[in-house]
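*Asks:* When you get a sec, could you give me coordinates for this:
(chains A and B)
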Amino acid sequence: MAHHRLTLQQIGVLALVAICAPLGDACLSRGMRHLPAITLTHPLELVSAVFTPWIAFGILLLIGFFASYLTALSWADLTFVLPATALGNVIIVLLSHFWLREPISLARWAGVALITIGVSFVAQGPSRTEHVPKTSEIQSAANDEAAS
Amino acid sequence: MILFQAVNTPSPSPNPWIAALMIAAVILTSTAGEVLTAAAMKSIGDLDDIRAHSGLKGAIKAVLTCPLFFAGVSFLAIAFFALLFALNHLNLSLVGPAAASLTLVTNAIAGKFFLKENVDRRRWAAAILVCIGVYLLAH
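*Replies:* Okay, the predicted model is just below:
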């Protein structure tokens, strides 16, 4: 069933996607930076990296992201979900500025503005593409009905 | 632009072509994974409706019995390990913005051609604005 107007629950699912993804990525990058260089000759070292605490926590967050992402994709287009969830990056920047008092460069503020404008573009449109039947299909259906 | 960044940053991998190849691998595999997963979820139908009728177990079963879903997850898993590999050799300031921003554009293209989504001017504008925004933000 198509939903053009998102319910509160659906907005909550999109918010979960938005927040879990950047937090999970941040945990992964923190974990990977503390490991020695991994080469293609020892690919199994990548698997052992999964069991280090920061990477494990990052993966947990990414599992939460994936569950809500799948739910969102079941009622919205991919090209609707992806930009909408990019808002999570903006939330992380705003949190780091107003909560952790981190300085934010002008370029980053420009990034925040661009993402917000982009997301507002997508949010104004329908969340899912409706595949309406072609005129010829409607005509043939009408002909069939008339014949019967 | 990205290639110059690869040269200028004190990265353990000095070859910009290898850096570009690593990033391209992340972008292509994650786009394939996301498009296949989206196709799977579209074919399954609204998960909220399924959960209302058959409960959480029914919703999980509907997802886990869809072959397209496993194809998508396989590509996403490859993309994940490609990202871990790239992060181990290149700086996050290069891999993060490049992968996150370019994936939005490749997904918009793939969404239009493979998923037949109505990518109108508004969605193209959004994909490009968010792409530039994510790039600026991650730097």
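
*Asks:* C-alpha from now on. contacts and neighbour counts both.
*Replies:* Will do.

*Asks:* which residue is nearest the middle of the chain?
*Replies:* This is for chain A. Closest residue to the average C-alpha location of chain A: A:Thr85 at 3.8 Å, with Cα atoms, centre = their mean.

*Asks:* Switch to chain B, please.
*Replies:* Centroid-nearest residue in chain B, with Cα atoms, centre = their mean: B:Ser30, separated by 3.8 Å.

*Asks:* for chain A, which spans come out with low pLDDT?
*Replies:* A:1-4, A:131-148 (pLDDT under 70).

*Asks:* what's the answer for chain B, then?
*Replies:* B:1-14, B:139.

*Asks:* so what's A:Ser74 up against?
*Replies:* For A:Ser74, the contact set (Cα atoms under 8 Å, 6 or more residues apart in numbering or on different chains) comprises B:Ala38, B:Met41, B:Lys42, B:Ile44, B:Gly45, B:Asp46, B:Leu47.

*Asks:* B:Leu129 reaches A:Val112, doesn't it?
*Replies:* No - between B:Leu129 and A:Val112 there is no contact under Cα atoms under 8 Å: 10.3 Å.

*Asks:* Could you restrict the contacts of A:Ser74 to the ones contacting chain A?
*Replies:* Among these, the ones lying near chain A by Cα under 8 Å from any Cα of the partner chain are B:Ala38, B:Met41, B:Lys42, B:Ile44, B:Gly45, B:Asp46, B:Leu47.

*Asks:* Tell me how many other residues surround the first one.
*Replies:* I take that to be B:Ala38. Here the count is done by other Cα atoms under 10 Å in any protein chain shown, and B:Ala38 has 26 residues near it.

*Asks:* check contacts around the closest residue to it other than its chain neighbours.
*Replies:* Among residues not flanking B:Ala38 along the chain, A:Leu73 sits closest, at 5.8 Å (Cα to Cα, 6 or more residues apart in numbering or on different chains). By Cα under 8 Å, 6+ apart, the contact set of A:Leu73 is A:Val81, B:Ala38, B:Met41, B:Lys42.

*Asks:* just checking, which of those belong to helices?
*Replies:* A:Val81, B:Ala38, B:Met41, B:Lys42 (DSSP state H).

*Asks:* Using JSON lines, lay out the ones next to chain A among the contacts of A:Ser74 together with distance to B:Thr65.
*Replies:* Listed next are these as JSON lines, based on distance: Cα to Cα, whole Å:
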{"residue": "B:Ala38", "distance to B:Thr65": "15"}
{"residue": "B:Met41", "distance to B:Thr65": "11"}
{"residue": "B:Lys42", "distance to B:Thr65": "14"}
{"residue": "B:Ile44", "distance to B:Thr65": "10"}
{"residue": "B:Gly45", "distance to B:Thr65": "13"}
{"residue": "B:Asp46", "distance to B:Thr65": "15"}
{"residue": "B:Leu47", "distance to B:Thr65": "14"}
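
*Asks:* Only the buried residues of the longest helix that chain A contains, if you could.
*Replies:* For chain A, the longest helix by residue count, based on DSSP H, is helix A:8-33. Buried positions in helix A:8-33, judged by neighbour count with 16 or more other Cα atoms under 10 Å in any protein chain shown: A:10, A:13-29, A:31-32.

*Asks:* wait, doesn't A:Gly31 sit right on A:Ile59?
*Replies:* No - A:Gly31 is not in contact with A:Ile59 according to Cα under 8 Å; the separation is 10.9 Å.

*Asks:* and the spatially most distant residue from the centre of chain B, what helix or strand is that in?
*Replies:* Distance from the centre of chain B peaks at B:His53, with 31.3 Å (Cα atoms, centre = their mean). Element membership for B:His53, per DSSP states H and E: helix B:47-64.
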